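In: Fold the following and give me the result.
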Amino acid sequence: MDLILDFKNGSISGEGADGIGFFVISGFYNTSNGECSWIKRYIGLHSVDYRGFREAKGIWGTWHITKTKGGFHIWPLSEGEPLTATEVEEETEQPAKSVVSMKQ
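Out: I've put the predicted structure just below:
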């Protein structure tokens with residue numbers, strides 16, 4: 001997954017692409033309790049809801065799409081780290097697990 005996120009004044013926005021297609025992200029974050037929530041909308045397709053909490057240098061949480069849900073973890077690349085480093089994990093609550101990589 002290629003993903004760019006912007007956190008500004010309590011709002012989250014971004015865009016990216018993965019094996020399903022191109023998407024845009026819009027949502028919010030709360031600096032006092034670390035809570036964040038956003039919707040990933042695939043262009044011309046479906047949407048995925050994300051809810052999580054900031055912890056240390058990452059965001060942990062769950063995603064939901066229709067009747068399927070799973071967990072995710074996003075963390076930033078270290079300064080000077082190559083863009084090929086993977087920094088997103090997602091897993092479903094179905095028998096199969098998937099790992100998705102993100103470049104920032």
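
In: drop to CA atoms for contacts and neighbour counts, all remaining ones
Out: Will do.

In: Geometric centre of this protein: which residue is closest?
Out: I74 (6.1 Å; CA atoms, centre = their mean).

In: Confirm for me that W63 is in contact with D49.
Out: Yes. Using CA atoms under 8 Å, W63 is in contact with D49, at 5.4 Å.

In: which of the two has more neighbours?
Out: W63 (21 against 17; other CA atoms under 10 Å).

In: ok, now which ones touch that one?
Out: V48, D49, Y50, R51, K69, G70, G71, F72 (CA atoms under 8 Å, 6 or more residues apart in numbering).

In: Please state the backbone phi and psi of the last one?
Out: Meaning F72. phi -150, psi 160 (degrees, to the nearest 10).

In: burial count for Y29?
Out: 21.

In: ok, the closest residue to it other than its chain neighbours to V24 distance?
Out: Distances taken as CA to CA, 6 or more residues apart in numbering put C36 closest to Y29, at 4.1 Å, once the chain neighbours are dropped. Distance of C36 to V24, given as CA to CA, to the nearest Å: 16 Å.

In: So those two - more neighbours on which side?
Out: C36 (21 against 18).

In: other SSEs contacting the strand or helix carrying the more buried one?
Out: Taking DSSP states H and E as the definition, C36 sits inside strand 35-42. Applying 3 or more CA pairs under 8 Å, 6 or more residues apart in numbering; DSSP states H and E, we find strand 35-42 packed against strand 22-29, strand 47-55.

In: which stretches of this protein have low pLDDT?
Out: 77-104 (pLDDT under 70).

In: ok, F72 touching W60?
Out: Yes. The criterion here is CA under 8 Å, and F72 meets it with W60 at 5.8 Å.

In: in which helix or strand would I find D6?
Out: According to DSSP H and E, D6 maps onto strand 2-8.

In: In that strand, which residues are buried?
Out: D2, L3 (16 or more other CA atoms under 10 Å).
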